Structures are given as structure tokens and as C-alpha cells.
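Engineer: Could you look at this predicted model? Sequence included:
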Amino acid sequence: MYTQSMDTMGKDGSPDADSRPKAVRSTEEMLLQQRFDARIDDGDFIEAKDWMPENYRKTLTRQISQHAHSEIVGMLPEGNWISRAPTLKRKAILLAKVQDEGGHGLYLYAAAETLGQSRDQLLDALHTGRAKYSSIFNYPTLSWADIGVIGWLVDGAAIMNQVPICRCSYAPYARAMVRICREESFHQRQGYDALLTMMRGTEAQKAMVQDAVNRWWWPSIQMFGPPDDQSPNSAQSMRWGIKRISNDELRAKFIDATVDQARVLGVTLPDPELKWNEARGHHDHGPIDWSEFWRVVGGDGPMNHERLAARVKAWDDGAWVREAASVHARKQTAPAAAAAA
Ligand code: BYC
């Protein structure tokens, strides 16, 4: 897996890293580490074949794969409404959006694979509960308004979090995020547009939107992760340029942007303590229920069981497709291999 450090040594014809005395190896590694740190300090991008510290690789594999899992689990709550969309236009838009999420999962799994783990290994971690996915997708979608609110708040929070990842120090992740962010911004606007339509409708439609906002507001602002002083990964991820803006700063920016959008929409955000604080230059807000967040992250949210069961079933049901694809791939390469031999 760490062939690039061996490649570097191989260029000058020196012996393979593993055959060197330990002290020489560690000096070499120290130099590689220093060069890596200097590149990070200079704002350079790291490519898949570049040397990187083991923990940088592990942190990225964790974050990118969890991000990928969130995309494909995130297809479930919305997919649930494709057959019940109120008009053909809304149905076509929702279908396209859910397909986009599947595409985002693919780009992200591909980016995670460049770090050395196979897609099967990453998915096995999801299916066996060893890998996380975003807490937000463990809540049910009870009405059509939930679909609009997911677009507005959940995709809105996702964009706020993901735009800075376009500048992440790991280039394959940063590149994937550029395209994802463009699509997410369409997702956010379609959600807001669906809600605007409902807010111009009947009293029952307006009440449905307000009810959805009440249920999704707090889980949406929890999406940014725990407060900075309780976020074990933040300091190192900021040092490595994986994270560019902290959990709390992103949450504050999201709340500030959303307050005005809520006013235009004509809904009330369910937080009586939400108030502009001139001195801080941000809104103050009421207490966030972190015990609920950790309970959901730990597997005990309203929909955790259903979400994971749906993913495992999709994987099991798709076994024949994977099998057929591998047989086809073997048949395609077999004649070439035979000719070469
Ligand atoms: N849910 O030290 P921290 C989407 C975990 S997809 C669950 O701050 P970090 C969309 C965290 O993993 C949205 N777990 O961690 C898709 C860590 O546990 P581990 C997904 C969470 O990584 C379809 C622990 O708590 N977006 O938008 O520095 C349709 C301590 O946290 C959550 C991404 O994945 C959470 N909300 O920061 C529509 C973006 N928050 O792993 C929309 C990429 C924290 O150490 N990811 N945890 O066991 C990130 O930016 C960062 O990973 C996070 C967390 C800000 C999420």
C-alpha cells in the first residue's frame, strides 16, 4: 500500500525500504514526514501516489467513506416519496435528485478507494455497523413537505459543510467535492422552491411545511457534528487541511443564512432563543440536545434499524448483478490474456 515511499527510494537505486536497518528507515520517514508537513503548510494538494502519514490516510478513509455512506443512505428517505410526488414535474425532479445522490456516493467511494481500501471493504464496514453515516438520515419522512425541507435545510447544511471540502488537502476528495457541490446547490434550490409553492397554497399546506420545519430544524443543525470542544478529530483534521472551517463556525454560518430564508418563506424556526447578536456577528440560539445526537449516532434513532436493513438488503439482492459483472469482466479480459501468453 505504501508503494510511493518505496518508489521514492527506488528512484536512486537504493534498496527496498523493508530490507533497510530500522534507524535508516525512520530517518527516511522523518524526511518524508517533513516534506509532507511543508507541503500541507504551503497549501499544496496531496495526490493518491504521494507519501502520506498513516493517520492522514486513516482519517481520510474514515471521513470520505462515511461521507459516501451518507450519500447512499440519504437516498432512502427521499426515495420513499418518488411514487407519491404530487405532480409529474416534482416526481421527475425528485427522481433526478435521488440519482444524483447515488452518483455522489460513487465519486466518494472512488475517492476513498484511492487510499487503499476496496469498495467491498468500505461497504462491509457500513453493513456491520463499524462505519458511521450522517445522523440526519435516521429520521422519517412523514409528509411531502419533508422532501422540500430536506432540500432546503439538509442540502443547505450539506453545502455549507462541503464547499470548504473543495479545498481539502487530499486532491481526489477535493475534486469529487467540486462536482458534488454544484449538484447540491440545485438540490437546495429545488427544496426551497417546493416549499415556496406550498407556502402560497392552502392553510393545510402551510401547516404541513411548518410541521416539517419543526421536526427537521434541530437534527439539521446537529449535522455539523459535536461542538468544537467535544470534537476529537477536529484539531488534527484542521492541521492537515482536511477540515478548513470548524463544526461550530459552519453551524453558525448556516443558522445565519437560514434565518433570512425562513423569513422569506414565512415559517418560524422552532427556537425561541434565536436572536441576532451584534457583538458576535452571529445569531444566538437555544441549547442543542447533544444527548439525542449521540443516541442517534450510536444507532438508536427513529430509523437507524430500517436504514441499515434497507442497505444490507440492497447489497444482498444485488449479489447476482455483481457476480454477472465479474464473470463478464473475466470473459472480456480472458482472450487478451490468452493472446499475450
Ligand atoms: N452524523 O470529531 P468529529 C448529504 C461523528 S451527506 C454521524 O467532529 P469529524 C446528503 C464523527 O464521524 C452529509 N456521525 O468528527 C446526502 C466522529 O466519529 P468517528 C454527510 C457524526 O469527522 C443525501 C464523531 O462524531 N456529509 O449531505 O472531524 C441527500 C466526532 O465528531 C456526525 C459529510 O459526511 C453526524 N452528523 O467531523 C442529501 C461531510 N458528526 O468517525 C444530503 C464530510 C460527527 O471518529 N464529513 N459525527 O467514529 C465531515 O465534514 C466531517 O466528518 C463531520 C464530522 C463534520 C461530519
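Structural biologist: Yes, it's here.
Engineer: Which phi and psi values does whichever residue of the chain sits closest to the ligand adopt?
Structural biologist: Residue nearest to the ligand within the chain: Gly74 (2.4 Å; CB to the nearest ligand atom). Where C-beta positions appear, they are placed from N, C-alpha and C, glycine not excepted. Torsion angles at Gly74 (phi, psi; degrees, to the nearest 10) stand at phi -60, psi -20.
Engineer: Test my guess that it contacts Lys97.
Structural biologist: No. Gly74 is beyond contact range of Lys97, at 10.2 Å (criterion: CB atoms under 8 Å).
Engineer: What sits closest to Ser220 if chain neighbours are left out?
Structural biologist: Excluding its sequence neighbours, the residue lying closest to Ser220 (CB to CB, 6 or more residues apart in numbering) is Leu153, at 4.2 Å.
Engineer: scratch that, Asn304 is what I was asking about
Structural biologist: Using CB to CB, 6+ apart and skipping the chain neighbours, the partner closest in space to Asn304 is Asn138 (4.8 Å).
Engineer: What number of residues are in the vicinity of the one you found?
Structural biologist: Using other CB atoms under 10 Å, Asn138 is surrounded by 23 other residues.
Engineer: Tell me who's in contact with it.
Structural biologist: Contact analysis of Asn138 by CB atoms under 8 Å, 6 or more residues apart in numbering lists Val296, Gly301, Pro302, Met303, Asn304, Arg307.
Engineer: Report the buried members of the residues you listed.
Structural biologist: Buried members of the contacts of Asn138, scored by 16 or more other CB atoms under 10 Å, are Val296, Gly301, Met303, Asn304, Arg307.
Engineer: Tell me which residues touch the last one, please.
Structural biologist: Spelled out, that is Arg307. Val73, Leu76, Tyr133, Phe137, Asn138.
Engineer: Name the member of those residues that has the highest neighbour count.
Structural biologist: Highest neighbour count within the contacts of Arg307, by other CB under 10 Å: Phe137, with 26 neighbours.
Engineer: What pLDDT is listed against that residue?
Structural biologist: Phe137 is assigned 98 on the pLDDT scale.
Engineer: again, but for Val259
Structural biologist: 98.
Engineer: So which helix or strand of this protein has the lowest pLDDT on average?
Structural biologist: When the helices and strands of the chain are compared on mean pLDDT, DSSP states H and E, helix 3-11 comes out lowest with a mean of 30.
Engineer: So His285 is in contact with Asp271, correct?
Structural biologist: Yes. With contact defined as CB under 8 Å, His285 counts as touching Asp271 (5.5 Å).
Engineer: what residues does the protein put near the ligand?
Structural biologist: By CB under 6 Å from any ligand atom, the residues of the chain that approach the ligand are 62-63, 66-67, 70-71, 74, 101, 132, 134-135, 154-155, 158, 161-162, 223-226, 231-234, 237, 243, 247, 297.
Engineer: could you list every residue that touches the closest residue to Ser246 other than its chain neighbours?
Structural biologist: In space, and not counting its chain neighbours, Ser246 is closest to Asp228: 4.9 Å by CB to CB, 6+ apart. When contacts are counted by CB under 8 Å, 6+ apart, Asp228 is found next to Ser234, Ser246, Asn247, Asp248.
Engineer: try Leu142
Structural biologist: Contacts of Leu142 by CB under 8 Å, 6+ apart are Ala212, Arg215.
Engineer: Am I right that it falls within a strand?
Structural biologist: No. The assignment for Leu142, made by DSSP: H, G, I helix; E, B strand; the rest coil, is coil rather than a strand.
Engineer: Kind regards, and thank you for your time.
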